[in-house]
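3D, please:
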Amino acid sequence: MISELIIEEVFNDQQINLRIRDKGILRDIDYEYLIKSEQIVVITGIRRCGKSTVLHHLTAYFEDFAYINFDDERLFNFQLEDFQKLLLIIKKIKPTKNIFIDEIQNVPNWERFVRRIHDEGYKIFITGSNSKLLSSELSTHLTGRHTKLELFPFSFKEYIKWLNISNTELTSDNKARLLGAFDEYLVNGGFPGYIRNKEGDYLRNIYEDIIYKDLIMRFGIKNIKSLKILAQYLMTNFTKETSYNSLKNILNISSVNTIKDYIDYLQQAYMIFECYKYDYSLKKQQTYNKKCFVIDNGLRTAVAFQFNADLGQLLENMVYIDLRRHCSEIYFYKTRENYEIDFLVDSPQYKLIQVCYSTADKKTMQREIRSLEKVMSELKIKESYLLTYNEEDTYKTGDSIIYIKPVWKWVLNL
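Numbers count the residues shown, from 1 in each chain. The predicted model follows:
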């Protein structure tokens, strides 16, 4: 428990700090929908991706509100019973029915308080950095009472917005600026803090905070070395097909269950995403090899063990993450003859996407087109995409069509 005086001091300090804070750019999310929703608004995402900034943006829609951030060491021992003290302080200092709570997962049993005041007519916005922790609590205590937004680091569209580069003016000069920005974004990613300051250790510090604070401390992991080895291996070998058993053998980790648990923890912290091979049988999807993708290319570049960046892998990872912003049903696909497609998106209908850094080499072009043709034929799909670094064309095959398009144009919806 914490004394009422300390809670009041923290609350007052945070109201002042919020007013003087830089709001940054508006994100590509539907603010109006969140404001009008009568449900509890839950914003989740990896550390430092901008959740607090979005919360700050949302406060601008209200004449009065109260804000509290539990990622403050003075609130380290805040318990469920302390929420009533906080509510009394809000009623005394800043009477309002609009409550904004940052990093709520740091308080045990927080969902009971949030449910109660929501039932009493409060409008509530909360953020958290752990998907599973929030999901379990939301499904248990807040079913039917919440709407959820997953936030990612800046997309390329948001990145050029921050740089004040037009995404509609396709003059030669502006296209050169876009391609220059794309080259930087492809390698350095979109974490707002890194973009703002370009500090060399910033991304590595985020990585270490996730490993120690979001994983080791939260889940009580004892074998720290094994977790770190696995995390770095997945960051280095992203986009590649692998199995839990091969990871166990390669990394000399005691059991497949340990591998599964650690990968689950990394996903809960939004550091990586597992991509399954598509199959009509859910059991086969679960048992087949998986691919791992990383939340941000810059984070991967900062911590992976590598000699040279593989631009093709970075491009593929960027496409996956852009798809993941809008849809969770993303798979890779293999035909019966073993032709492979990078992404099959199942929302609301099948969409095929192949990623290749360049098709300048004739054999490469033939291989990628052939794979698309085989899968389109097998799934009876008439259109697909071949995404490249900066090549554009249209390829007709029978009564089907393959659009060859630069990734930078595709992610900007140009």
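
gap between Asn338 and Lys374?
To Lys374, Asn338 is 9 Å away according to C-beta to C-beta, to the nearest Å. Yep, even glycine has a C-beta here, placed from its N, CA and C like the rest.

and for Asn164?
From Asn164 across to Lys374, the span is 44 Å (C-beta to C-beta).

swap in Phe219?
43 Å.

before we move on, the earlier item: so Asn164 and Lys374 - more neighbours on which side?
Neighbour totals were compared for Asn164 and Lys374, and Lys374 leads with 18 against 8 (other C-beta atoms under 10 Å).

excluding its backbone neighbours, what's nearest the more buried one?
Tyr339 (4.1 Å; C-beta to C-beta, 6 or more residues apart in numbering).

what do you get for Asp82?
Ile2 (5.4 Å).

hmm, the one you found is touching Leu80, no?
No. Ile2 is beyond contact range of Leu80, at 11.8 Å (criterion: C-beta atoms under 8 Å).

tell me which of the two has more neighbours.
Applying other C-beta under 10 Å to Ile2 and Leu80 shows that Ile2 carries more neighbours, namely 17 against 14.

what's near enough to touch that one?
Contact partners of Ile2, counting by C-beta atoms under 8 Å, 6 or more residues apart in numbering, are Arg74, Leu75, Asn77, Phe78, Gln79, Asp82, Lys85.

where do the strands sit along the stretch 251-400 of the chain?
Secondary structure of the stretch 251-400 of the chain by DSSP state E, counting those that start in this stretch: the strands cover 272-277, 290-294, 330-334, 340-346, 350-355, 383-388, 393-397, 400-406.

same deal with the stretch 51-200 of the chain?
66-69, 98-102, 123-128, 146-151.

so for stretch 154-163, what's the average pLDDT?
Averaged over stretch 154-163, pLDDT sits at 97.

where does pLDDT dip in the stretch 251-400 of the chain?
Low-confidence segments of the stretch 251-400 of the chain (pLDDT under 70): 307-309.

quick check: which element contains Gln232?
Per DSSP states H and E, Gln232 falls inside helix 224-236.

who does that helix touch, helix- and strand-wise?
With contacts defined as 3 or more C-beta pairs under 8 Å, 6 or more residues apart in numbering; DSSP states H and E, helix 224-236 has these neighbours: helix 244-251, helix 256-268, strand 290-294, helix 297-303.

between these, which one is nearest to Tyr122?
helix 256-268 (27.8 Å; C-beta to C-beta).

that closest one to helix 224-236, inter-axis angle?
Angle, helix 256-268 to helix 224-236, by axes from the mean of the first three to the mean of the last three C-alpha atoms, to 10 degrees: 60 degrees.

identify each buried residue in helix 256-268, please.
The neighbour-count check on helix 256-268 (16 or more other C-beta atoms under 10 Å) flags Thr258, Ile259, Tyr262, Ile263, Tyr265, Leu266, Gln267, Gln268 as buried.

before we move on, what about stretch 191-206?
For stretch 191-206, a neighbour-count test (16+ other C-beta under 10 Å) marks Phe191, Pro192, Gly193, Tyr194, Ile195, Tyr202, Leu203, Ile206 as buried.

ok, residues contacting that stretch?
Residues outside stretch 191-206 that contact it (C-beta under 8 Å, 6+ apart): 24, 46-50, 53, 153-154, 159, 162, 188-189, 296, 298-299, 301-303.

let's see that with 10 Å instead.
22, 24-25, 27, 46-50, 53, 152-154, 158-159, 162-163, 184-185, 188-189, 208, 271, 295-296, 298-303 (C-beta atoms under 10 Å, 6 or more residues apart in numbering).

what about the residue nearest to Lys374, how many residues nearby?
Counted with other C-beta under 10 Å, Tyr339 comes out at 17.
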